[in-house]
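> I would like to see how this sequence folds:
(one chain, ligands or ions: 1)
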Amino acid sequence: MPPPPLPAPVAAGRACPLCGHSEARALPAAVDEEGCLFPRRACASCGTAFLDPAPTPAQLDRAYAASYYGTRSTKFPAPIERLREAAAAGRARRLLAGLPTDARILDVGCGDGRLLRLLGQRAPATELHGIELPGPAADRAAAVPGIHLHRGTLDDATYPEAHFDLICLVHVLEHLPAPGASLPRLARLLRPGGRLLLSFPNIASLQTRAFGTAWF
Ligand SMILES: [Zn+2]
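Residues are numbered from 1 along each chain as shown. A predicted model of the protein is given here:
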């Protein structure tokens, strides 16, 4: 059976946060853990999916409350944590290829510091920096050996320019209030030839199609 036709693009309530286009197609609403609905649209020009209307500051505060990272010692049940650990270990191995042994690395939105911990275990001479908002995740990150943790945001962190060999934002840029505005700052923090890793949830992924609105 052929896939259903895409809904016609309509004027969105907000412009596409990536390209600024004003028309978008409706997507099924996202549902949070409390059953609240968040209407979504996909940009008719670049395909980026976004919440429309944008969540209010109060909704964001609730979404990012302690439940986001959990108050347990880990965020997820053990089998899922093992999968996350294996995925992060593979990412750490790939990231270190070609980096100087004493590379300076910054993980923006480092969560509980898992990636930095794995990088430090494989490359003990690296200098590890993390940024995370104050809370349970930052408390766990602070326990990672050798980590220099900034409890706050990229905007209020004070790093020298041209400082880092590698900056990582793993499922982080899309959480920032003005993602595009953060890129020039990240570029300035990288030394010439340094690397920026940006990773995003993929709304066209197999996982998304399998789990629909309950997509992880
Ligand atoms: Zn767009």
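> which residues sit in contact with residue 168?
95, 105-108, 115, 197, 199 (Cβ atoms under 8 Å, 6 or more residues apart in numbering). The way it works is simple: take the backbone N, C-alpha and C, and place the C-beta from them, glycine included.
> Checking my notes, it in a strand, right?
Yes - under DSSP: H, G, I helix; E, B strand; the rest coil, residue 168 falls within a strand.
> and it, how far is that from residue 147?
13 Å (Cβ to Cβ, to the nearest Å).
> if we can go back for a sec, from the contacts of residue 168, which would you call buried?
With neighbours counted by 16 or more other Cβ atoms under 10 Å, the contacts of residue 168 contain buried members at 95, 105-108, 115.
> which ones among those residues are found in strands?
105-108 (DSSP state E).
> dump the residue contacts of residue 207.
Neighbours of residue 207 in contact, by Cβ under 8 Å, 6+ apart: 215-216.
> tell me which element it is part of?
helix 206-211 (DSSP states H and E).
> Next, count neighbours for residue 177.
Residues near residue 177, counting by other Cβ atoms under 10 Å, number 12.
> quick one: low-confidence parts of this structure?
Scanning the chain for pLDDT under 70 picks out the ranges 1-7, 66-75, 213.
> who in it is up against the ion?
Proximity of the chain to the ion, by Cβ under 5 Å from the ion, involves residues 16, 18-19, 21, 43, 45-46, 48.
> again, only using 8 Å
Residues of the chain found near the ion (Cβ under 8 Å from the ion) are 16-21, 24, 43-48.
> what's the angle between whichever helix in the chain runs longest and strand 104-108?
For the chain, the longest helix by residue count, based on DSSP state H, is helix 78-96. When axes from the mean of the first three to the mean of the last three Cα atoms, to 10 degrees is applied, the directions of helix 78-96 and strand 104-108 differ by 140 degrees.
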